[in-house]
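Visitor: From the sequence below, what's the structure:
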Amino acid sequence: MPLLNSEAFVLLRHPLTESSWIVTLFTREEGVVRAVAKGARRTTSPFRGALEPLSRVRVEVVLKEGRELGTLRSAELLEGSLDLHGRWPEAAVLMGMGETLERALPAHAAEEESYRLLGAVLAGLRAGAPPLLAWVYFSAWLLRLHGVFPRPEGCVTCGAQGYPLLLDLGAGEWRCPRCQRQRPAEGRALTGPMASLLEAVFRSPLASLSRREFPQEALSALSGMVYWALAAYLGRPLANWPALESLGGAAGP
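Guide: All right, here's what the predicted structure looks like:
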């Protein structure tokens with residue numbers, strides 16, 4: 001049976017028995033992997049403290065051909081997440097990212113850019129980035145990496161510049177209101193202030209954005225737009241959306 005040795009983020013964990021967890025790992029080498037952590041819920045377990053969601057670990061996983069679940073053989077804690085879980089707004093972002101990645105990413109497919117994105121958002125939160133901005137940054141970039149949420153560069157149909165622009169989610173393209181009315185796909189309006197914020201998200205590391213101020217109205221509106229696109233991409237709303245929505249009063253889908 002092959003042995004996977006990789007750096008990973010713990011995305012989620014679920015009880016399997018009174019003593020064991022099923023853990024979802026986002027590994028650098030193999031992408032998303034699910035494994036049984038036998039005895040990990042016992043107070044004397046060598047896994048204790050290493051499997052908190054969004055902790056960064058080095059793991060050894062025994063993969064079993066033809067089976068969905070592997071077996072976690074070891075987990076060395078590289079960077080914990082309890083410092084972020086201890087603050088509610090940051091904890092809401094962590095829960096949202098873990099759920100999103102578990103649902104968005106295919107199993108056993110390495111996603112280096114998404115892996116680095118997650119690490120950058122965690123670093124940004126530790127640098128003081130506002131939690132709602134961190135969530136928008138994560139969601140917009142994840143969607144862009146998967147071809148859903150491109151950088152707005154005017155209407156793709158007529159070439160018109162300026163705002164508002166509407167996102168044709170099915171095509172992954174921005175159009176002006178006149179051109180979008182000719183298509184059956186729904187569009188959501190991107191205003192000038194929202195576009196300026198989105199451009200900053202796509203151009204700058206999150207940690208550097210923590211030193212800038214953005215209009216709260218634009219941030220909340222962009223959060224609602226990005227979440228609308230994310231929920232459509234995932235096929236259904238996030239279970240953790242109510243907690244995320246409370247970060248800034250953003251409108252949901």
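
Visitor: Show me the beta-bridge partners of Leu77.
Guide: Val57 (DSSP bridges).

Visitor: isn't it right next to Val57, touching?
Guide: Yes: using CB atoms under 8 Å, Leu77 is in contact with Val57, at 5.7 Å. C-betas here are computed from N, CA, C, even on glycine.

Visitor: Can you work out which residues contact both of the two?
Guide: Residues touching both Leu77 and Val57 (CB atoms under 8 Å, 6 or more residues apart in numbering): Ala50.

Visitor: These two - which one has more neighbours?
Guide: Higher neighbour count among Leu77 and Val57: Val57, with 24 against 17, using other CB atoms under 10 Å.

Visitor: which residues sit in contact with that one?
Guide: Glu7, Ala8, Phe9, Val10, Leu25, Ala50, Leu51, Ala75, Glu76, Leu77, Leu78.

Visitor: Let me see the contact set for the fourth one.
Guide: Same thing as Val10. Contacts of Val10 were listed using CB under 8 Å, 6+ apart, and they are Val23, Thr24, Leu25, Ala50, Leu51, Glu52, Pro53, Leu54, Ser55, Val57.

Visitor: so after the strand or helix carrying it, what's the next helix or strand?
Guide: Secondary structure from DSSP states H and E places Val10 in strand 3-15. Tracing the chain past strand 3-15, the next element assigned as helix or strand by DSSP H and E is strand 21-27.

Visitor: what comes up buried for that next one?
Guide: Trp21, Ile22, Val23, Thr24, Leu25, Phe26, Thr27 (16 or more other CB atoms under 10 Å).

Visitor: Equivalent analysis for stretch 65-75, please.
Guide: So stretch 65-75, judged by 16+ other CB under 10 Å, has buried residues Gly70, Leu72, Ala75.

Visitor: rewinding a little: so in that sheet, which strands flank the strand holding Val10, and in what orientation?
Guide: strand 21-27 (antiparallel), strand 56-62 (antiparallel).

Visitor: residue ranges with poor pLDDT in the stretch 101-250 of the chain?
Guide: 182-187, 249-250 (pLDDT under 70).

Visitor: where exactly do the strands run in it?
Guide: 165-168, 173-175, 189-190 (DSSP state E, counting those that start in this stretch).

Visitor: of the ones you listed, which approaches Pro46 most closely?
Guide: Closest approach to Pro46 among the strands of the stretch 101-250 of the chain (CB to CB): strand 165-168, 47.6 Å.

Visitor: Who are the packing partners of the closest one?
Guide: Applying 3 or more CB pairs under 8 Å, 6 or more residues apart in numbering; DSSP states H and E, we find strand 165-168 packed against strand 173-175, helix 177-180, strand 189-190.
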